[in-house]
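Asks: Requesting a structural model of the entry that follows:
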Amino acid sequence: MKVDPQQLLEDGYLILRQVVQPDQLDALRLSVEVLVDRQKARSAAERGADESLGGTWYAAAQPRLFIDELLCAETANVVDLVLGERTFGVSQQLMCAPETVVNAMMVLCSGLIEFGYTDWHRDSSAAEQAPLGGLQADLQDNMPGYLQWNIPLYDDDVLWVVPGSHRRPDNEEQRRQLLLDPRVELPGGVPVDLKAGDAVVYTNLIMHWGSFYSSRLRRTIHLGYRSFGGEIFPYSHHFHYDEGLGFTRHLSTAAAAKFEQFVALFRQERDQIEQIWRAVIARDAAAFCAGLEKLHPGKNGRMVSVVLLSRMVDMVGTLHRPEIATASDEVRAAAVSGPADPSFYEDLARRFTAEEAATLQRRFATLSARLQADGDVVHAHYAALLAEHEPDAEPPNFASRPLRTFHTEMPDFSEEDFIRSWDS
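Replies: Coordinates of the predicted model:
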């Protein structure tokens, strides 16, 4: 299946017909239903004393399952789809990079309740990743480094998108609507109408909406792919399956080997990050620049990578705080809840002493302060705007999904400025 990467750059999403061939659809439906039954049984067995019969699965608006956690030999055909030319191969074409990996394999399902409308959002956060405008420019200059897929096994029109919104921030009309009510149709939004077996592949920087979560039967395979070795340092840094890869015993030898390669690439990237940070600690500008160029080969957009690294430094610093360092695994995980799995930050934290982590935070402090100050100005403006329109409204939560990308502009701060700031 041939696709046009430029069309993805223009629209932010592509609709692909019959990614699942008609003669494969029934077998996939059966396999997914087996996975669903297993997840329901797990939910019922693990329900807490204060949870209703059936546990969290039956109370969720959009129950989802992780394919790797429930896989068996009889359902391995689901992973065959994930690794196939119509999904994996298409992702590789669209990201234009030497290596492509699978980093998420889920199924989105219908709940038992009529939950109603969800909120519009982008899968990004200026406070946890980088300002939206920087991520968007990086994507346009260097091709996307991360893509998501929805492949419904039954007709599905739940997802809506604002075409082209991956290239630009929200306009003032859209921002006002997000402030006042993010659960209604947004100007410019269109439904993604998929028939069983079709697919939509999209950059999750696009503004999108889950629209209405109902009890209508939904079994939609949801996948994530990211690139390695391309021009961009992707903002997705971890995978949603066990690093031990126990589930691959159910796969063919070739498929299992692919997942081993995926994990190796993620580990190599963490090694690269460690080397860059050690250069920063040592104030070795040449080594820092060489490491950054290897991490983000594209000449444009490298400061976005520096911002992403600064967010990781904050997480590592948090894990080394005395009250967190001695806390339970649950408390530590909650302390670094964010865009990556806590295990990602734990791995990086183990590589540095508390003193080294503190030094890293000092080296990134000027950049972090600039980002915070810029975000505060934007948020103060829109808080005042909401108060003007709805004086009795609660102050807006700029960490919430609809509002977390209001801070869009990268700071006027270069790689050279960052290096000079090490001595401040």
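Asks: ok, which stretches of the chain are strands?
Replies: Assigned by DSSP state E, the strands in the chain fall at 13-16, 64-66, 99-109, 116-117, 146-152, 160-161, 190-191, 199-202, 208-209, 212-213, 219-228.
Asks: In its sheet, which strands sit next to the longest one, and in what direction?
Replies: Yep, that's strand 99-109 we're talking about. strand 64-66 (antiparallel), strand 219-228 (antiparallel) (DSSP bridges).
Asks: who touches residue 345 in this structure?
Replies: By C-beta atoms under 8 Å, 6 or more residues apart in numbering, the residues touching residue 345 are 312, 315-316, 318-319, 336. For every residue, glycine as well, the C-beta is placed using N, CA and C.
Asks: List the ones among these that fall in helices.
Replies: With DSSP state H as the criterion, helices contain 312, 315-316, 318-319 from among the contacts of residue 345.
Asks: possible to save these as CSV with distance to residue 288, neighbour count and pLDDT?
Replies: Output for those, formatted as CSV (distance: C-beta to C-beta, whole Å; neighbours: other C-beta atoms under 10 Å; pLDDT from 0 to 100):
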residue, distance to residue 288, neighbour count, pLDDT
312, 15, 23, 98
315, 20, 23, 98
316, 17, 24, 98
318, 23, 18, 98
319, 23, 22, 98
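Asks: For residue 421, state which of these is nearest.
Replies: Proximity of these to residue 421 (C-beta to C-beta) peaks at residue 312, which lies at 17.4 Å.
Asks: thought the closest one was touching residue 349?
Replies: No: Residue 312 is not in contact with residue 349 according to C-beta atoms under 8 Å; the separation is 9.8 Å.
Asks: Ok, which of the strands of the chain comes nearest residue 38?
Replies: Closest to residue 38 of the strands of the chain is strand 64-66 (C-beta to C-beta; 8.1 Å).
Asks: That closest one: which residues count as buried?
Replies: Using 16 or more other C-beta atoms under 10 Å as the test for burial, strand 64-66 gives 65-66.
Asks: Just the C-alphas of stretch 11-21, formatted as CSV.
Replies: Written as CSV, here are the backbone C-alpha positions of stretch 11-21 (Å, rounded to 0.1, in the frame of the first residue of the first chain):
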residue,chain,number,x,y,z
ASP,A,11,-3.9,17.4,6.4
GLY,A,12,-2.5,15.8,9.6
TYR,A,13,-4.3,12.5,8.9
LEU,A,14,-5.0,10.0,6.2
ILE,A,15,-8.0,7.7,5.8
LEU,A,16,-7.0,4.3,4.3
ARG,A,17,-9.6,1.9,3.1
GLN,A,18,-9.7,-1.8,3.8
VAL,A,19,-6.5,-2.0,5.7
VAL,A,20,-8.1,-5.1,7.1
GLN,A,21,-9.1,-7.2,4.1
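Asks: roughly how far apart are residue 3 and residue 95?
Replies: Note on residue 3: its distance to residue 95, by C-beta to C-beta, to the nearest Å, is 11 Å.
Asks: Settle it for me: which of those two has more neighbours?
Replies: The neighbour comparison of residue 3 against residue 95 (other C-beta atoms under 10 Å) goes to residue 95, with 27 against 16.
Asks: buried stuff in stretch 214-226?
Replies: Neighbour count says stretch 214-226 has 218-226 buried, by 16+ other C-beta under 10 Å.
Asks: and what of stretch 110-117?
Replies: Using 16+ other C-beta under 10 Å as the test for burial, stretch 110-117 gives 110-111, 115.
Asks: Likewise for stretch 402-418?
Replies: Applying 16+ other C-beta under 10 Å to stretch 402-418 flags 402-408, 410-411, 413, 415, 418 as buried.
Asks: Can you tell me what sits against it?
Replies: For stretch 402-418, using C-beta under 8 Å, 6+ apart, the contacting residues are 119-122, 124-128, 130-134, 137, 169-170, 175, 178-179, 182, 289, 292, 302-304, 306-307, 366-367, 370-371, 374-375, 378-379, 382, 396-398.
Asks: Any of these buried? List them.
Replies: Buried subset of the contacts of stretch 402-418 (neighbour count, 16+ other C-beta under 10 Å): 119-122, 124-128, 130-134, 137, 169-170, 175, 178-179, 182, 289, 292, 302-304, 306-307, 366-367, 370-371, 374-375, 378-379, 382, 396, 398.
Asks: Could I get the buried residue list for stretch 44-57?
Replies: Buried residues in stretch 44-57 (16+ other C-beta under 10 Å): 47, 55, 57.
Asks: Let's test this: mean pLDDT of it, rounded?
Replies: Mean pLDDT, computed over stretch 44-57, is 91.
Asks: roughly how far out does it sit from the chain middle?
Replies: 28 Å (C-alpha atoms, centre = their mean, to the nearest Å).
Asks: Mind exporting the C-alpha coordinates of it to CSV?
Replies: The C-alpha coordinates for stretch 44-57 follow below in CSV (Å, rounded to 0.1, in the frame of the first residue of the first chain):
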residue,chain,number,x,y,z
ALA,A,44,-13.8,-8.5,37.8
ALA,A,45,-11.1,-10.4,39.6
GLU,A,46,-9.2,-7.3,40.5
ARG,A,47,-12.1,-5.0,41.5
GLY,A,48,-11.7,-3.2,44.7
ALA,A,49,-14.1,-3.3,47.7
ASP,A,50,-15.5,0.1,46.7
GLU,A,51,-15.9,-0.7,43.0
SER,A,52,-19.1,-2.0,41.4
LEU,A,53,-19.6,-5.5,40.1
GLY,A,54,-17.2,-6.2,37.2
GLY,A,55,-14.6,-3.6,38.3
THR,A,56,-13.3,-0.7,36.3
TRP,A,57,-14.1,-2.1,32.9
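Asks: Give me the contact list for it.
Replies: 39-40, 43, 58-59, 63.
Asks: of all those, which comes closest to residue 241?
Replies: Residue 241 lies nearest to residue 39 out of the contacts of stretch 44-57, by C-beta to C-beta, at 15.1 Å.
Asks: Now for the nearest residue to residue 27 once chain neighbours are set aside: which residues touch it?
Replies: Using C-beta to C-beta, 6 or more residues apart in numbering and skipping residues adjacent in sequence, the residue nearest residue 27 is residue 77, 6.1 Å away. Listed by C-beta under 8 Å, 6+ apart, the contact set of residue 77 reads 24, 27-28, 31.
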